[in-house]
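Undergrad: Pasting the sequence and the predicted model now:
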There are 2 protein chains.
Amino acid sequence: MCPAPVANGNDRGYIIPIGGGEDRIKEMQIHRRFVELSGGSAASIVVIPTASMLHETGQDYRRIFSGLGAGKVDFLPINRRKDCDIPEFSEMLDNATGIFMTGGNQLRLSAILGGTLVAQKIRRRNAEGIPVAGTSAGASIMSEHMVAGGAGNESPAEGTVSLAPGIGLTNSVIIDQHFTQRNRLGRLLTASSYNPFLIGLGIDEDTAAFIGPDNVLEVVGSGTVTVVDASQMTHSSIWDAKPGEALSLLGLRLDVLGEGCRYDLDARVGYPPQDHSAIGEPPIVATKKPA
Amino acid sequence: MCPAPVANGNDRGYIIPIGGGEDRIKEMQIHRRFVELSGGSAASIVVIPTASMLHETGQDYRRIFSGLGAGKVDFLPINRRKDCDIPEFSEMLDNATGIFMTGGNQLRLSAILGGTLVAQKIRRRNAEGIPVAGTSAGASIMSEHMVAGGAGNESPAEGTVSLAPGIGLTNSVIIDQHFTQRNRLGRLLTASSYNPFLIGLGIDEDTAAFIGPDNVLEVVGSGTVTVVDASQMTHSSIWDAKPGEALSLLGLRLDVLGEGCRYDLDARVGYPPQDHSAIGEPPIVATKKPA
């Protein structure tokens, strides 16, 4: 799906893919920022634990976000497609000031939520300005084209990555998570090579990309976000490579973003933490595209 | 060490780092090409198995290269520094038309060969035009600055890679091997970020970079050679990152080279297999810098 249209004069909310394995005990800076963006003590956060098969996942996140000062935290126990029609859930999403999708299996998430009122509400609420965060599977599903699976530890090759339609909060990027930890460069390069329109985001564990309304992302966490930009690619062998044959991809650009770095997804330029001059103030609380 | 000077009107020999785990049973195209470059039936190949602790390594390679038609194959059983003074070994290197360094441990190799007559001879013979190949540890040691060790599966960070002086056949590149298989992007990025003068070569298993006398490399094998060029880097956090802190590296260039692709290490440009027009004929048998 495509992102829902943003009304004139409005800004969409933050889109916050997290690479999985984020700190839930010590500083919890990623969750803390999400709670702040959701309104802090005035927040009403809705957790969607559907990707997870664990019974306690929703409860766990309720405890975490409440502990960080969120005013109200609910979770939607959606385990079947028809759960998505429950009117109470719809209402909770209508009143949410932040939405969080947990980890688990992104194909479970897309197969249960895809094409339902809940998926539509998530897109609409984000277009209306509320932040949507997701970790691991919950991060993958955010983009229009989602990495559904594929092998780590492989050179880029057709067949090393499988794509599926995501929930479509953004169509600028394709997201992979547990990036360094599971050696997923090959599959992200493959996905990026299919259509260089998409920027590949490889997000490490305990690391998040806070993608602002202005399409500038900022990195929070202990790892890196690896940005693959294939728009200047001078050669790709993707269309004539044999199955499993290692791909040749020439002229890629790579930015490795540690904490505080930012990347303008429209201009395709990375910025170091200190350098706010080039694109205005840090976007974490900005609601307007910087001058 | 720096490469030995090449006499006026001469060309240095090929430098052939191999990523380890190369096919030794089926097509053996990497070894086959090395034997051809060494002179085929007229070749006199000297194997240096010092990196390996296995007694049979030298014999194994003698069998492989002989099986591929090499006229003469010897190996030097160098296990201590003083073995490097054996006059017979010196003579064999003087008469060699190709030198091959096996896998094992590159610090064993550098600690035993470093500063000896054998290391000097390898550099000189290469400068005089004979090809020098090395696999795994034997690949790492080829450059002036050698990746001695470091963690795989890590985001780039100071301390994820340790460098040591190599044998110094080239100072254009820094080489890492078993690249995709052991998830070594982080440590190659770290090494490349130390001094962007060096081009990072991440060589997959069963893959080789045939670096010609003209400093154009060609890829042979089933994996890829990942080229990291940090010369256009716009930001690095290497000098103020805390130990273990993930690095930010902005504005890197990345080429993923599959079989037949070439890369001009002087111009820092990659070429697809078909495109020979830009830099002349394929360099595999060329001895002159293409026009």
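TA: Okay, I see it.

Undergrad: who's in contact with residue A:158?
TA: By Cβ atoms under 8 Å, 6 or more residues apart in numbering or on different chains, the contact list for residue A:158 reads A:190, A:238, A:241, A:243-245, A:247. Bear in mind the C-beta positions are built from the backbone N, C-alpha and C, glycine included.

Undergrad: show me where the stretch 51-200 of chain A has strands.
TA: A:72-75, A:98-101, A:132-135, A:145-150, A:161-165, A:173-176, A:199-203 (DSSP state E, counting those that start in this stretch).

Undergrad: so the lengthiest strand in chain A versus strand A:199-203, what angle?
TA: Of all segments of type strand in chain A, defined using DSSP state E, the longest is strand A:249-257. For strand A:249-257 against strand A:199-203, the angle by axes from the mean of the first three to the mean of the last three Cα atoms, to 10 degrees is 50 degrees.

Undergrad: Counting by contacts, list what strand A:249-257 packs against.
TA: helix A:185-194, strand A:225-229, strand A:235-236, strand B:249-257, strand B:269-271 (3 or more Cβ pairs under 8 Å, 6 or more residues apart in numbering or on different chains; DSSP states H and E).

Undergrad: picking up where we left off before, which of the contacts of residue A:158 count as buried?
TA: A:190, A:238, A:241, A:245, A:247 (16 or more other Cβ atoms under 10 Å in any protein chain shown).

Undergrad: Just flag the most distant two among the residues you listed.
TA: A:190 and A:245 (11.6 Å; Cβ to Cβ).

Undergrad: nearest to residue A:274, of the helices and strands packed on strand A:249-257?
TA: That would be strand B:249-257 among these, by Cβ to Cβ, at 12.0 Å.

Undergrad: Quick check: can you name the pairing partners of that closest one and their directions?
TA: strand A:249-257 (antiparallel), strand B:225-229 (antiparallel), strand B:235-236 (antiparallel) (DSSP bridges).

Undergrad: For residue A:166, grab phi and psi.
TA: Taking degrees, to the nearest 10, you get phi -90, psi -160 for the backbone angles of residue A:166.

Undergrad: That one reaches residue A:143, doesn't it?
TA: Yes. At 4.9 Å, residue A:166 counts as touching residue A:143 under the criterion of Cβ atoms under 8 Å.

Undergrad: Residue A:85: what's it in contact with?
TA: A:116-117.

Undergrad: check contacts around residue A:104.
TA: Residue A:104 neighbours (Cβ under 8 Å, 6+ apart): A:49-54, A:57, A:136-138.

Undergrad: Name the weakest-confidence residue in those, if you would.
TA: Of all the contacts of residue A:104, residue A:53 carries the smallest pLDDT score, 87.

Undergrad: any idea how far residue B:227 is from residue A:224?
TA: Going from residue A:224 to residue B:227 by Cβ to Cβ, to the nearest Å gives 20 Å.

Undergrad: just to revisit the earlier point, compare the strands of the stretch 51-200 of chain A and give me the one nearest chain B.
TA: Closest to chain B of the strands of the stretch 51-200 of chain A, according to Cβ to the nearest Cβ: strand A:199-203, at 9.8 Å.

Undergrad: Let me know how buried residue A:177 is, in neighbour terms.
TA: For residue A:177, the neighbour count with other Cβ atoms under 10 Å in any protein chain shown is 28.

Undergrad: pretty sure it contacts residue A:203?
TA: Yes. The criterion here is Cβ under 8 Å, and residue A:177 meets it with residue A:203 at 5.2 Å.

Undergrad: what is in contact with those two at once?
TA: Joint contacts of residue A:177 and residue A:203 (Cβ under 8 Å, 6+ apart) are A:17-19, A:139.

Undergrad: any chance of those residues in JSON lines, with neighbour count too?
TA: Below are the shared contacts of residue A:177 and residue A:203 laid out as JSON lines (neighbours: other Cβ atoms under 10 Å in any protein chain shown):
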{"residue": "A:17", "neighbour count": "32"}
{"residue": "A:18", "neighbour count": "30"}
{"residue": "A:19", "neighbour count": "31"}
{"residue": "A:139", "neighbour count": "29"}
